[in-house]
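Asker: One predicted model, sequence on top.
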Amino acid sequence: MHPRHFISLLDITASEFRAIINRGIDLKADRDPDYQPLKGRVLAMIFEKSSTRTRISFESGMAHFGGSALFLSPRDTQLGRGEPLEDSARVISSMVDCIMLRTYHHETVTTFAEYSSVPVINALTDLLHPCQLLADMQTYFEEHGEIQGRTVAWIGDGNNMCHSYINAARLLDFKLHIACPAGYLPNREILDAAGERVTLFDNALDAAKGADLIVTDVWASMGQEQEQKQRELAFNNYQVTPQIMANARPWALFMHCLPAHRGEEVSAAVIDGSQSVVFAEAENRLHAQKALLEFLLCE
Ligand code: CP
Ligand code: NVA
């Protein structure tokens with residue numbers, strides 16, 4: 001039997017998504033140290049890229065649930081010396097209960113999953129970052145309740161986070177306004193699959209109009225550091241400023257997956273201001289992923 005993977009939000013149904021969000025909210029409200037559903041179980045975490053939140057949230061989540069997590073860097077394993085992914089997936093999955101990967105190429109995670117006998121979790125690829133959306137949606141539900149029919153504005157790069165927002169809009173049925181500079185639009189296939197829920201804008205102020213939530217992310221993602229200067233020019237008009245927030249609904253929230261660059265994609269006044277929920281959003285990585293681990297490993 002094939003294990004259940006979480007590589008994209010589209011691997012779960014809308015009702016499973018809502019159940020994970022609600023479970024994350026419950027786990028956050030009531031942490032029972034005696035509840036250890038993953039006692040003795042092991043999560044392997046493979047990181048090709050840096051991480052603060054993802055590593056700590058998965059590691060702490062496993063510890064809370066009575067299990068443990070192994071941090072594996074390709075530099076220190078045979079993965080970095082060219083051992084085939086297929087062989088690595090078979091071997092690692094024969095010894096652990098779940099595997100989390102953060103990689104450059106999305107295909108690294110999909111290939112790994114194909115050969116893994118245990119659930120595989122995508123902890124960010126160049127294409128998608130679905131775990132972050134579990135936390136973002138939990139944060140939205142905590143603050144404002146149901147998101148169906150609401151409007152979210154994505155301002156900035158059409159990157160892995162933007163793609164995951166598009167998939168979330170499909171599942172949870174919210175409207176998504178996307179403002180990206182030319183040349184930095186999201187993946188066409190992902191965009192087209194979302195149909196009329198998603199609208200593209202060529203300026204951030206228009207995209208923000210009527211939004212219940214404004215979201216942005218760095219202009220240069222991990223692996224794009226050499227494009228920083230060129231991107232600073234391209235994204236010059238795409239900083240989330242108080243003026244942009246003022247164009248949204250008065251109760252609009254501001255989110256950012258972090259790490260953030262104040263003065264680039266967001267002004268300090270916004271990220272450190274009263275509408276920003278970025279630290280609740282970061283904390284919710286822990287609660288939402290505990291709900292995800294329970295969903296994948298305890299059903
Ligand atoms: N948001 C996020 O994934 O953070 P890290 O890169 O620190 O894991
Ligand atoms: N888009 C960013 C997200 C970091 C959590 C990146 O891929 O670097």
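Answerer: That came in fine, so what should we check first? Ligands and ions are numbered 1, 2, ... in the order given.
Asker: Relative to Asp173, how far out is the most centrally placed residue in the chain?
Answerer: Centroid check for the chain by CA atoms, centre = their mean gives Gln132 as the closest residue, at 2.2 Å. Applying CB to CB, to the nearest Å, the value for Gln132 to Asp173 is 19 Å. C-beta coordinates here come from the backbone N, C-alpha and C atoms, glycine included.
Asker: wait, what's in contact with the spatially closest residue to Tyr115 that is not a sequence neighbour?
Answerer: Excluding its sequence neighbours, the residue lying closest to Tyr115 (CB to CB, 6 or more residues apart in numbering) is Ala89, at 3.7 Å. Neighbouring residues of Ala89 by CB atoms under 8 Å, 6 or more residues apart in numbering: Ile99, Thr111, Phe112, Ala113, Glu114, Tyr115, Ser116.
Asker: Show me those residues that map onto strands.
Answerer: Residues of the contacts of Ala89 located in strands (DSSP state E): Ile99.
Asker: PyMOL command to pick out the buried ones of the contacts of Ala89?
Answerer: A single PyMOL command suffices to select whichever of the contacts of Ala89 are buried according to 16 or more other CB atoms under 10 Å:
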select buried, resi 99+111+112+113+115+116
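Asker: that older thread, contact partners for the residue nearest to the centre of the chain?
Answerer: Leu124, Met161, Ser164, Cys257, Arg285.
Asker: could you pull out the helices for the stretch 151-299 of the chain?
Answerer: 160-172, 188-193, 204-208, 228-234, 242-247, 268-271, 278-297 (DSSP state H, counting those that start in this stretch).
Asker: Comparing those, which comes out most buried?
Answerer: helix 160-172 (a mean of 24; mean count of other CB atoms under 10 Å).
Asker: and that helix, how far out from the chain's middle?
Answerer: 9 Å (CA atoms, centre = their mean, to the nearest Å).
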